[in-house]
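In: Quick one, what's the 3D model for this:
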Amino acid sequence: MAEENEKLSSLFAELKINPKTSSHEAAFTVEEQAQFVGSIPGTLTKNLFLRDKKHGLFLLTVLADRDVNMKDFASLMNLSGANVRFGDEDLLKEKLAVIRGAVSPFALVNDSAAEVKFVIDKALLDAELINIHPLRNDRTTSIPPADLVAFLEHINHKPTVIDFSAVKPAEAKPAGGKPAAKAAKPTKEADADTDGKNVKKETLLGLSAKKEDDFANWYTQAITMSEMIDYSDISGCYVLRPWSYFIWETIQQYFDAEIKKLGVKNAYFPLFVSERALMTEKDHIEGFAPEVAWVTKCGKNDLAEPIAIRPTSETIMYPFFAKWIRSHRDLPMELNQWSNVVRWEFKDATPFLRSREFLWQEGHTAHVDYENAQQRVRSILDLYALVYEYLLAVPVVKGQKTEAEKFAGAHHTTTVEAYINGSGRAIQGATSHNLGQNFGKMFKINFEDEKGEKQIPWQTSWGLTTRAIGVAVMVHGDNKGLVLPPRVAPVQAIICPIAAKDMDYRELVRYCDEIHSELKKAGIRVDVDDRQNYTPGWKFNHWEQKGVPVRIEVGPRDFANKQMRLVRRDNGEKSDIAFTDAASVVAALLETIQDSLLAAARRGRDEKMVTVTKWEDFVPALEKQCLVMTPFCDDREWEEKVKVMSREEGLKGQQESATVATSVAAKTLCKPFDQPPLPEGTKCFVSGLPATTWVLWGRSY
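Out: Predicted structure coming up:
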């Protein structure tokens, strides 16, 4: 870092420019930078690192409060056929050698090959000073626009200037199609409203990407700006911050209590597995082999044999099952562990959904026969459905995977599948496997039955991961940020006192503390945001972005009347209630919101679930972001053909990256347990062979 700043200082001296740099706490967002340096002269900026397959890389610097639409950017830059997206963390480090939060035009000093095109907001060139980070996020440099342009031209990055005022805003029209009437000018009374009911939300916190226009970048912004995750310096690994880890703890507590009712006990097995044990079940490990991470050195010395880091724990646990199981009296053996696993993914990483390390629970059981094993498979799948539907308010489809999609080495796999309305993709929520007797044979697990004869147990394994958090974010979030289901929200209600000049703020806060005490006694997770260095509008936006289900606004009139105003995060509805009713009304409202979120998600999914009986209707349905139910011959070869054919038809002659995690190809999600009637003689939608089952297909994460 010192070397990089020395490089900047040297260039400043060479160009005879003398910008002023201020020190402050590390700022990872624009609003944090505004908080730390708001008192110094200059205009704050927002710096976006962008990529497009056809047109290359861009660094766009705009006014901090500029709402940037990627389509507008492409239009202003005359980028024909562009699909502009944010560049990921790895690409940012590779090209500009900075972390997120430290991006600025100065980072172009590290782009010696001039691969990144620099674009600047015309409005910034009219500023007296521009405030930007000098390759680190605990410093802010104030520089005149002319000096910044001279610096950039010197390092071979002449700016392209674009004028966002040339973008014509979309004209809102009512349902009848007539131009909307002009908005009424706010009255003085509204402007002077000291209870904050009409407070303008003046904040730099908002998401710039829209869920409906740029889903991937909307998701990234939603989980980072809400303080759910942060980025590790190791590609594909992430920090789960308290706001997201609380959700995982809630899932843990619920699921752990339920499996203990079934007789499952918790244990913990080592992180490492020997190469010999890992290779015992070859069909099983074949599916994981490309993703296995190996430890080969200790200090400077090579290990006698490489040791794998668990991608899953069958091969670690089952040698102990063979040791501990001797008699039918030892069965069932039912163990669960809460742990992490490592799978060295080469596809594009997505926080929560696809990462190189993730948290999960994995259950492993052994039973005397198929029926008992299958009962456990289905009881666990039912619990997974409850985690999604009861806790996370995400509807799921329960079903069985096809042979091609089942867990490697398993007898069969059951699954819960969710739908992301916005991206139009399905996602596997959790799986419960009947492993049959295959692993018992490989690991020599056997028991003596009641007749004294040797038998091989039937086994199961089942797992749920932190992916569930990402699914809930994607399903419920909106363009303001997260919308958290109350049952998993770290804070279910946030109390915001709204100050007024003619009232002692401390007196108002004391009233808010009384409300806090009443709600807390009712078991509601509640907090008071009594910070005075932020405006009410900033606080409203902040807690909306974090997805808190209920906001409680308290102004002088509320204090005088012993009341408060409730605002729902999911739909914005407002209601005024008395202090004496607070606990009962808020508790009931949280239940209403939970139910509303599940109902809305189910409606959104069901509207996108269609039935197709002919191939020519299949890809068009996928293009409409639908889940597609079809009659199918359940043949592995034809399943692979559907993947290939749907990919080719969906790409329309374009290429798809080998590392892409979201292919346009269709895949089977499951054979739903809730099967529609299949009349005799029904043909498979693609092969024309006799159909044997209904299968749910979709584009999937």
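In: Now do the SS call for the nearest residue to Glu623 once chain neighbours are set aside.
Out: Closest residue to Glu623 apart from its sequence neighbours, by Cβ to Cβ, 6 or more residues apart in numbering: Gly650 at 7.2 Å. C-beta here means a position set from N, CA and C on the backbone, and glycine is covered the same way. With DSSP: H, G, I helix; E, B strand; the rest coil as the basis, Gly650 sits in helix.
In: Determine how far the last residue of stretch 350-368 lies from the first.
Out: Stretch 350-368 has an end-to-end distance of 40 Å (criterion: Cα to Cα, to the nearest Å).
In: do stretch 558-573 as well
Out: So stretch 558-573: terminal residues 18 Å apart, Cα to Cα.
In: Identify each buried residue in that stretch, please.
Out: Buried residues in stretch 558-573, counting neighbours by 16 or more other Cβ atoms under 10 Å, are found at Asp558, Phe559, Gln563, Met564, Arg565, Leu566, Val567, Arg568, Arg569, Asp570.
In: What is the nearest of these to Asp121?
Out: Arg569 (31.7 Å; Cβ to Cβ).
In: Surely Ala322 touches Phe443?
Out: Yes - counting by Cβ atoms under 8 Å, Ala322 does reach Phe443; the two are 5.2 Å apart.
In: For those two, indicate the residue with more neighbours.
Out: Higher neighbour count among Ala322 and Phe443: Phe443, with 22 against 17, using other Cβ atoms under 10 Å.
In: Pretty sure the more buried one sits against Met317.
Out: No - between Phe443 and Met317 there is no contact under Cβ under 8 Å: 9.2 Å.
In: which stretches of the stretch 201-350 of the chain have low pLDDT?
Out: The stretch 201-350 of the chain contains residues with pLDDT under 70 at 201-205, 281-288, 346-347.
In: which residues of it fall in helices?
Out: Assigned helices in the stretch 201-350 of the chain, in chain order: 215-225, 242-261, 275-278, 282-286, 314-324 (criterion: DSSP state H, counting those that start in this stretch).
In: would you turn those helices into a markdown table with distance to Tyr419?
Out: Shown next, in a markdown table, are those (distance: least, Cβ to Cβ, whole Å):
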| stretch | distance to Tyr419 |
| --- | --- |
| helix 215-225 | 13 |
| helix 242-261 | 20 |
| helix 275-278 | 35 |
| helix 282-286 | 29 |
| helix 314-324 | 30 |
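In: Sitting in helices, which of the buried residues of stretch 558-573 do you find?
Out: Using DSSP state H, the members of the buried residues of stretch 558-573 that fall in helices are Asp558, Phe559.
In: For the buried residues of stretch 558-573, work out which two are farthest apart.
Out: Once Cβ to Cβ is applied, the buried residues of stretch 558-573 give Phe559 and Asp570 as the farthest pair, at 27.1 Å.
In: I'd like to know which of the helices of the stretch 201-350 of the chain is closest to Ser22.
Out: helix 215-225 (23.7 Å).
In: Could you check the angle that closest one makes with helix 242-261?
Out: With axes from the mean of the first three to the mean of the last three Cα atoms, to 10 degrees applied, the angle from helix 215-225 to helix 242-261 works out at 90 degrees.
In: mind listing what's buried in helix 215-225?
Out: Residues of helix 215-225 classed as buried by neighbour count (16+ other Cβ under 10 Å): Phe215, Asn217, Trp218, Tyr219, Thr220, Gln221, Ala222, Ile223, Thr224, Met225.
In: Contacts for that helix, please.
Out: For helix 215-225, the surrounding residues in contact (Cβ atoms under 8 Å, 6 or more residues apart in numbering) are 29, 70, 85-86, 100, 205, 207-211, 228-230, 244, 350-352, 422-423, 470, 473-474, 477, 479, 481-482, 545.
In: Can you list which of those are found in strands?
Out: Applying DSSP state E to the contacts of helix 215-225, the entries found in strands are Arg85, Phe86, Ile229, Asp230.
In: What's the separation between the third one and Arg602?
Out: What it means is Ile229. In this view, Ile229 and Arg602 are 27 Å apart by Cβ to Cβ, to the nearest Å.
In: hmm, back to that, quick one, which of the contacts of helix 215-225 are buried?
Out: Buried by 16+ other Cβ under 10 Å: 29, 70, 85-86, 100, 205, 207-211, 228-230, 244, 350-352, 422-423, 470, 473-474, 477, 481-482, 545, out of these.
In: what about Glu6, which helix or strand?
Out: helix 2-15 (DSSP states H and E).
In: which residues sit in contact with Leu622?
Out: By Cβ under 8 Å, 6+ apart, the neighbours of Leu622 are Val628, Ser646, Gly650, Val664, Ala666, Trp697, Gly698, Arg699.
In: looking at it, the fourth one is touching Glu648, isn't it?
Out: By that I understand Val664. No - in this structure, Val664 is not within contact of Glu648 by Cβ under 8 Å, at 9.2 Å.
In: Could you pull out the residues contacting both of the two?
Out: Residues touching both Val664 and Glu648 (Cβ under 8 Å, 6+ apart): there are none.
In: pLDDT weak spots in the stretch 401-550 of the chain?
Out: Applying pLDDT under 70 to the stretch 401-550 of the chain flags no residue at all.
In: Any idea how many residues pack against Tyr268?
Out: Neighbour count for Tyr268, taken as other Cβ under 10 Å: 10.
In: Grab the nearest non-local neighbour of it.
Out: Gln337 (5.3 Å).
In: Which neighbouring elements make contact with the helix or strand hosting Ala587?
Out: Per DSSP H and E, Ala587 falls inside helix 582-606. Other helices and strands packing on helix 582-606, by 3 or more Cβ pairs under 8 Å, 6 or more residues apart in numbering; DSSP states H and E, are helix 467-476, helix 505-521, strand 550-554, strand 563-568.
In: And the contacts of that helix?
Out: Residues contacting helix 582-606 (Cβ under 8 Å, 6+ apart): 389, 393-395, 419, 421, 475-476, 483, 485-487, 492-493, 515, 518-519, 521-524, 549-550, 552, 564, 566, 568-571, 577, 627.
In: ok now whichever helix or strand comes after it, how far from the chain's centre?
Out: Going down the chain from helix 582-606, the next helix or strand is strand 609-611, by DSSP H and E. Computed by Cα atoms, centre = their mean, to the nearest Å, the chain-centroid distance of strand 609-611 equals 26 Å.
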